[in-house]
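**Q** make a model of this:
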Amino acid sequence: MWIQSLLRNGYTILDIKKLQLSDFELMVEALEKQAPERKEEVIETTLDKAFPFLFG
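**A** Next comes the predicted model:
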């Protein structure tokens, strides 16, 4: 998965083979800072609103 990300960002297979462990550590740090936590959104539907009236 991370290899595909590197390829999409313009790295070639040869570039990836030349990378050192420290390069990967820096990339992981950047990805961790870049990817914000996704909050789960709760969408209330008509059935959710009607449920207390129907069965409450």
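
**Q** relative to residue 53, how far out is residue 46?
**A** Counting by C-beta to C-beta, to the nearest Å, the gap from residue 46 to residue 53 is 11 Å. C-beta here means a position set from N, CA and C on the backbone, and glycine is covered the same way.

**Q** please apply the same query to residue 18.
**A** 65 Å.

**Q** who's more crowded, the two?
**A** Using other C-beta atoms under 10 Å as the criterion, residue 18 and residue 53 rank with residue 18 on top: 10 against 7.

**Q** mind checking pLDDT for residue 34?
**A** Here the pLDDT value assigned to residue 34 is 64.

**Q** check which helix or strand residue 41 maps to.
**A** Here residue 41, judged by DSSP states H and E, is contained in no helix and no strand.

**Q** and it, how many neighbours does it have?
**A** For residue 41, using other C-beta under 10 Å, the count is 5.

**Q** just residue 4 next, same as before
**A** So residue 4, with other C-beta under 10 Å, has 8 neighbours.

**Q** equivalent analysis for residue 20, please.
**A** 8.

**Q** state the distance from it to residue 26.
**A** Distance of residue 20 to residue 26, computed by C-beta to C-beta: 10 Å.

**Q** could you do residue 19 as well?
**A** Counting by C-beta to C-beta - residue 19 and residue 26 are separated by 10 Å.
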